[in-house]
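Chemist: task: produce atomic coordinates for the following.
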Amino acid sequence: MKIGILQTGHAPDSLIGETGDYDQMFSALLGSHGFTFDSYPVLDGVFPDGPDAADGWLITGSRHGVYEDHDWIPPLEQLIREIRDSGKPMIGVCFGHQIIAQALGGKVEKFAGGWSVGRTEYDMDGQTVALNAWHQDQVTERPEGARVLAGNAFCENAVLAYGDRIWTVQPHPEYGADFIDGLIRTRGKGVVPEALLSEAREHLDAPLDDARIARFMAEFFLKERSK
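Modeler: Sure thing, here's the model as predicted:
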């Protein structure tokens, strides 16, 4: 099964040699499930021909805001709607979670409560799921028909589903401790309050549910194959 990765951001140059770029992180996260991957750096103007270029689609995170004036955002929103209409499975992570919501009629903005950084716990169907987060923006108004599958007091709309073909998540199952540590060093200082960075450092070695969420993501894509 071929997964098309719509890359909306790049990892910091100083970290790419250690962790790979965002598309490579997702290939590593999901690669054991037998997928092949094609990457499209849409932020650099590289787009697929359309939804049929892959069997399923994944939209990455980004340091950009979905509400910013970039020439690649309107065509990405159009592609999202075309993928939805095609029935192909689609997953969005962080920026991907947000741009799907915006493209389908929701609202995204900088959250007045500030940042969520590092290991963060969410309630998912009565169970606690821990993933690494790195965001200030979040979905503040859900599109019509979006269902909330997980959240917490800080981020109500942390996991959303649209029917049975679109699933999106605000935190980052692809971010390990090394990458969060790198972001603290390269993108956090002077941007994220130091108290939050210090707390994130203290929990770098705490367990995460990234493998559990990766299995779910793989199963979500593979449902298309079993149709």
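Chemist: can you pull the contacts of the residue nearest to the spatial centre of the chain?
Modeler: The centroid of the chain falls nearest to V93 when counting by C-alpha atoms, centre = their mean (1.1 Å). Taking C-beta atoms under 8 Å, 6 or more residues apart in numbering, we find V93 in contact with 26, 58-61, 168-169, 172-174. Quick note: C-beta positions are derived from backbone N, CA and C, even for glycine.
Chemist: now with 7 Å, please.
Modeler: By C-beta atoms under 7 Å, 6 or more residues apart in numbering, the contact set of V93 is 59-61, 169, 172, 174.
Chemist: can you check G45 too?
Modeler: Taking C-beta under 7 Å, 6+ apart, we find G45 in contact with W72.
Chemist: that older thread, make a markdown table out of the contacts of V93 and add pLDDT, distance to R119 and secondary structure.
Modeler: Listed next are the contacts of V93 as a markdown table, based on pLDDT from 0 to 100; distance: C-beta to C-beta, whole Å; DSSP: H, G, I helix; E, B strand; the rest coil:
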| residue | pLDDT | distance to R119 | secondary structure |
| --- | --- | --- | --- |
| I59 | 98 | 23 | strand |
| T60 | 98 | 20 | coil |
| G61 | 98 | 17 | coil |
| V169 | 98 | 15 | strand |
| H172 | 98 | 11 | strand |
| E174 | 97 | 14 | coil |
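Chemist: need those residues in JSON lines with neighbour count, can you?
Modeler: Converted to JSON lines, the contacts of V93 look like this (neighbours: other C-beta atoms under 10 Å):
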{"residue": "I59", "neighbour count": "28"}
{"residue": "T60", "neighbour count": "28"}
{"residue": "G61", "neighbour count": "26"}
{"residue": "V169", "neighbour count": "23"}
{"residue": "H172", "neighbour count": "26"}
{"residue": "E174", "neighbour count": "28"}
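Chemist: identify, from the residues you listed, the entry nearest to F220.
Modeler: When the contacts of V93 are compared for distance to F220 (C-beta to C-beta), V169 comes out closest, at 10.8 Å.
Chemist: report the separation between the closest one and G182.
Modeler: Taking C-beta to C-beta, to the nearest Å as the measure, V169 falls 21 Å from G182.
Chemist: now swap in F221 and tell me
Modeler: Going from F221 to G182 by C-beta to C-beta gives 28 Å.
Chemist: quick one, which of those two is more surrounded?
Modeler: Neighbours per residue, other C-beta atoms under 10 Å: of F221 and G182, the larger number sits with F221, 23 against 20.
Chemist: packing partners of the helix or strand harbouring R212?
Modeler: Using DSSP states H and E, R212 falls within helix 210-225. Applying 3 or more C-beta pairs under 7 Å, 6 or more residues apart in numbering; DSSP states H and E, we find helix 210-225 packed against helix 22-30.
Chemist: can you name every helix or strand that the helix it packs on contacts?
Modeler: When contacts are defined as 3+ C-beta pairs under 7 Å, 6+ apart, helix 22-30 packs onto strand 2-7, helix 210-225.
Chemist: next one: phi and psi at the residue nearest to the centre of the chain?
Modeler: Phi and psi for V93, reported as degrees, to the nearest 10, are phi -120, psi 130.
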